[in-house]
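Colleague: Sharing a model that was predicted from the sequence below.
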Number of protein chains: 2
Amino acid sequence: MLESLNIALPTIDQTRPIAPQLHRRLRERIIRNELRANQKISESEIAEQYGVSRQPVREAFIRLAEESLVAILPQRGTRVRPIALSAVRDARFIREAIEADIVTLLAQRPDPLWLAELRRLLDEQRHIAATHPQAFIAADEDFHRTLSSAAGKSGIWQRVQGLKSQMDRVRFLSLERFDVFKLVVQHEAIVDGIAIGDPAAAESAMRLHLREILKDLPIIATENPDVFDEPSEDVEDRVIHFQGGERS
Amino acid sequence: MLESLNIALPTIDQTRPIAPQLHRRLRERIIRNELRANQKISESEIAEQYGVSRQPVREAFIRLAEESLVAILPQRGTRVRPIALSAVRDARFIREAIEADIVTLLAQRPDPLWLAELRRLLDEQRHIAATHPQAFIAADEDFHRTLSSAAGKSGIWQRVQGLKSQMDRVRFLSLERFDVFKLVVQHEAIVDGIAIGDPAAAESAMRLHLREILKDLPIIATENPDVFDEPSEDVEDRVIHFQGGERS
DNA sequence: CCTACCATACTGCCATACAAGCTTGGAAGG
DNA sequence: CCTTCCAAGCTTGTATGGCAGTATGGTAGG
């Protein structure tokens, strides 16, 4: 019955492998909350929507299940997993640990060329923040990915991508919420720490930055109770207490 | 033609989902280097070996490909991926970052109960090191997993498991190589740092511990050139230079 | 002897059919 | 009215057939 609408949503390129395309599209739809939490999605249903057979859909489901984006219950069905606060906090913790080490590395051997690139990204961010704040997420991704590359750890970023799914879902829910200018200032503090070769300053700036989401998390969870699977318990996440602020 | 041999290798339980079982078995065979690097394995070949159809084999391959254990080349074949030194180093870097933060956390709030458990594990390790050194890997896993649990981050360990595949392959190759007693001593240093509530000491002890593999890596790579895909280039891995040794 | 080409066998990918388990709704019995 | 049970229609899991693209080995032509 939806066949007339199929031409509306981006279609599938039949000449290239279908399963990965489906994986990307479905992943996107889940993160954008277009496929809502706890919604049941069957293989045959999705197969009809995209005009393909069940098999590639099934393979896409397997990948989504590995990212904890869907839950496959044998003989019972497949549903979109609600966001687990614990998973978000775990992902955030991992990310903080990794990126803290990355900027420490960078501050120990500041590279003028990479610093110039980072400064350029900061300018870009200021511009975007003033004009297209909704495009800031992409710029933020660029910034953090560039930090990884600068440290010679570009492979790291790809590996962490899989863990970021849950964080991305939260970010989408809080699109207009966060103060983009504040984030740019935090980015600047990180770059400054690297530039003056102060690892401790760069590290603490990064840790502060990545803890921003912890403040909004309970709010977002209570505002969107149907998307989360825990009733926003007030368990405080244990974070490292570090000394040495941005001046040290 | 291998049908008569099938009863030899652990068979498949036909009553439970087959694909996950195949995934585990194949993963194990790759890590144990039973399926050697660059060896071609086709869906139909494996399907015959285990007496199942090609479909569940295919799904197992997909999972293995996500862990970078196999490479699927469309219409060309599937082969066991050789170990990429860069992937091992990336996984090690991530693990160091995470576990450094975990022990920092623990040292900030030492918990007598968990410390007792850790001490017990250390005793166990000393015993195993003296009697069944080949069983040390499992004990080592226990130790690190317990640290995660003690920090209230048990979810973290599971998430990192996927990244550990490549490290596990290396560890299997260097089974008798490493000095288990030295590793136990390093474990003790970590626990001591936690016990006296010195985050810096615990952190540096952990970082030192997880850098052990970096020393052996080039040796292992040159000793098993056919298992690695890079000719053991002497690119030094950038690691954080931290101050404050085990005494600070 | 060397090169270009083509037939063949093999691969992974997709579609389809079949099997087995679970949910659900309604009917039968109390 | 409530409970029990069963059957139809879901679901995912597995098996099988066909397709398109690729490596390979032999052959015809130079």
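Modeller: In hand now; what should we look at?
Colleague: before we move on, what SS does the spatially most central residue of chain A have?
Modeller: Computing the C-alpha centroid of chain A and ranking residues by C-alpha atoms, centre = their mean puts A:D168 first, at 3.3 Å. Judged by DSSP: H, G, I helix; E, B strand; the rest coil, the three-state class of A:D168 is helix.
Colleague: Identify the spatial nearest neighbour of it, chain neighbours not counted.
Modeller: Nearest residue to A:D168 in three dimensions, chain neighbours excluded: A:I31, at 5.0 Å (C-beta to C-beta, 6 or more residues apart in numbering or on different chains). Bear in mind the C-beta positions are built from the backbone N, C-alpha and C, glycine included.
Colleague: residues contacting that neighbour?
Modeller: A:165, A:168-169, A:172 (C-beta atoms under 8 Å, 6 or more residues apart in numbering or on different chains).
Colleague: And for A:S154?
Modeller: Going by C-beta under 8 Å, 6+ apart, A:S154 touches A:145, A:148.
Colleague: Which residues of chain A lie near DNA strand D?
Modeller: A:41-45, A:54-55, A:58, A:61, A:72-78 (C-beta under 7 Å from any atom of the strand).
Colleague: Narrow the contacts of A:I31 to those that are buried.
Modeller: A:165, A:168-169 (16 or more other C-beta atoms under 10 Å in any protein chain shown).
Colleague: Mind jotting down where the helices sit in chain A?
Modeller: A:3-6, A:18-31, A:43-50, A:54-66, A:85-108, A:112-131, A:136-150, A:154-173, A:180-195, A:199-210, A:212-223 (DSSP state H).
Colleague: so can I have JSON lines of these showing distance to B:W114 and mean pLDDT?
Modeller: Listed next are those as JSON lines, based on distance: least, C-beta to C-beta, whole Å; pLDDT from 0 to 100:
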{"stretch": "helix A:3-6", "distance to B:W114": "56", "mean pLDDT": "40"}
{"stretch": "helix A:18-31", "distance to B:W114": "36", "mean pLDDT": "95"}
{"stretch": "helix A:43-50", "distance to B:W114": "44", "mean pLDDT": "94"}
{"stretch": "helix A:54-66", "distance to B:W114": "31", "mean pLDDT": "95"}
{"stretch": "helix A:85-108", "distance to B:W114": "18", "mean pLDDT": "95"}
{"stretch": "helix A:112-131", "distance to B:W114": "40", "mean pLDDT": "95"}
{"stretch": "helix A:136-150", "distance to B:W114": "33", "mean pLDDT": "94"}
{"stretch": "helix A:154-173", "distance to B:W114": "25", "mean pLDDT": "88"}
{"stretch": "helix A:180-195", "distance to B:W114": "34", "mean pLDDT": "96"}
{"stretch": "helix A:199-210", "distance to B:W114": "24", "mean pLDDT": "96"}
{"stretch": "helix A:212-223", "distance to B:W114": "24", "mean pLDDT": "90"}
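Colleague: closest one to B:K182 among those?
Modeller: helix A:85-108 (24.2 Å; C-beta to C-beta).
Colleague: circling back to that earlier point, can the buried ones among the contacts of A:I31 go into CSV with extra columns for distance to A:K182?
Modeller: Compiled in CSV, the buried ones among the contacts of A:I31 are given as follows (distance: C-beta to C-beta, whole Å):
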residue, distance to A:K182
A:S165, 25
A:D168, 20
A:R169, 22
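Colleague: Let me know the closest of those to DNA strand C.
Modeller: Checking the buried ones among the contacts of A:I31 against DNA strand C with C-beta to the nearest atom of the strand, the nearest one is A:S165 at 22.0 Å.
Colleague: Contacts only, for the closest one.
Modeller: A:27, A:31, A:67-69.
Colleague: Kindly tell me how buried the closest residue to A:V52 other than its chain neighbours is, as a neighbour count.
Modeller: Spatial nearest neighbour of A:V52, chain neighbours left out: A:I18 (5.5 Å); criterion: C-beta to C-beta, 6+ apart. Counted with other C-beta atoms under 10 Å in any protein chain shown, residues neighbouring A:I18 total 19.
Colleague: wait, what's in contact with A:I18?
Modeller: A:12, A:52, A:56.
Colleague: what's the distance between it and chain B?
Modeller: For A:I18, the distance to chain B equals 12 Å [C-beta to the nearest C-beta, to the nearest Å].
Colleague: With DNA strand C as the reference, measure out to that residue.
Modeller: Distance, A:I18 to DNA strand C, by C-beta to the nearest atom of the strand, to the nearest Å: 3 Å.
Colleague: For chain A, which residues are neighbours of DNA strand C?
Modeller: Counting by C-beta under 7 Å from any atom of the strand, the residues of chain A near DNA strand C are A:17-19, A:52-56, A:59, A:75-76.
Colleague: if we go to 6 Å?
Modeller: Chain A has residues A:17-19, A:52-56, A:75-76 near DNA strand C, with proximity defined as C-beta under 6 Å from any atom of the strand.
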